[in-house]
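> Generate a structure from the sequence data that follows.
(2 chains)
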Amino acid sequence: DAGVIQSPRHEVTEMGQEVTLRCKPISGHNSLFWYRQTMMRGLELLIYFNNNVPIDDSGMPEDRFSAKMPNASFSTLKIQPSEPRDSAVYFCASRTGTSGGATGELFFGEGSRLTVL
Amino acid sequence: QQQVKQSPQSLIVQKGGISIINCAYENTAFDYFPWYQQFPGKGPALLIAIRPDVSEKKEGRFTISFNKSAKQFSLHIMDSQPGDSATYFCAATIFGNEKLTFGTGTRLTIIP
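From the prediction side, this is the model:
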């Protein structure tokens, strides 16, 4: 089975440009999460969706960040305009619910490494 | 109340030794404590998890020890191998809750 698929794997852009990161969750998973990882702050939850609906976006750093999930198999994280401090690895993760004894294990993609010059 | 404190930040262990990583939490409502393992260039992956109805869980060379009264839990890696070199994250949540609170990570290096 394919895991969580993220694109692009690497993105280098200049300050002020728009950046769009993409994620395809595992089929059948009903929750999707966007995390940001930096050396200073570790893994930070930015936003998560349940059944394509944004549930908690309190981790989104500011209005420059937005996320959408138009259907169960696709999500985007957009940064506009980008700034050097946005440089990080952005991870998408998905999971099923915990009903029926499921563990609710988070499955992460391989991440998108963003560098803003 | 939502923090999970993890130590040490980095750890070097000789091959065959025991690696120990510690975490402490504040929210007494937390009842699910997973550990994630991350290799360079990869996303974190679930390694082992425990719920507080037991004080210890073992899977192969990996053991979680849990102390509910102290609000602490730890990961022990027995007979550490170079292939165990990775970053380890502890986490905590209320089981069934969507949000995991992660520790800051421990970079483990196993030297020959």
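> which stretches of chain A have low pLDDT?
A:1, A:97-104 (pLDDT under 70).
> Near chain B, which residues of it? Just list them.
Proximity of chain A to chain B (Cβ under 8 Å from any Cβ of the partner chain) is limited to residues A:4, A:31, A:33, A:42-43, A:45, A:48, A:50, A:55-56, A:91, A:93, A:97-98, A:103-111. Placement of C-beta: from N, CA and C, glycine included.
> Any of those buried? List them.
Neighbour counting with 16 or more other Cβ atoms under 10 Å in any protein chain shown marks A:4, A:31, A:33, A:42-43, A:45, A:48, A:91, A:93, A:98, A:104, A:106-111 as buried within those.
> Now go through these and say which are in strands.
With strands identified by DSSP state E, the entries of those that belong to them are A:Ser31, A:Phe33, A:Gly42, A:Leu43, A:Leu45, A:Tyr48, A:Phe91, A:Ala93, A:Phe107, A:Phe108.
> Of those, which is the nearest to chain B?
Distance to chain B across these (Cβ to the nearest Cβ) is lowest for A:Phe108, with 3.0 Å.
> Let me see the contact set for that closest one.
In this structure, A:Phe108 makes contact with A:Val4, A:Tyr35, A:Phe91, A:Cys92, A:Ala93, B:Gly43, B:Pro44, B:Ala45, judged by Cβ atoms under 8 Å, 6 or more residues apart in numbering or on different chains.
> cutoff 7 Å now
A:Val4, A:Phe91, A:Ala93, B:Gly43, B:Pro44, B:Ala45 (Cβ atoms under 7 Å, 6 or more residues apart in numbering or on different chains).
> again, but for B:Thr106
Here B:Thr106 is in contact with B:Gln6, B:Pro8, B:Gln9, B:Ser10, B:Leu11, B:Ile21, B:Thr87, B:Tyr88 (Cβ under 7 Å, 6+ apart).
> Please name the nearest non-neighbouring residue to the fourth one.
Spatial nearest neighbour of B:Ser10, chain neighbours left out: B:Arg107 (4.5 Å); criterion: Cβ to Cβ, 6 or more residues apart in numbering or on different chains.
> what do you get for the fifth one?
In this structure, B:Leu11 finds its nearest non-sequential neighbour in B:Leu108, 5.0 Å apart by Cβ to Cβ, 6+ apart.
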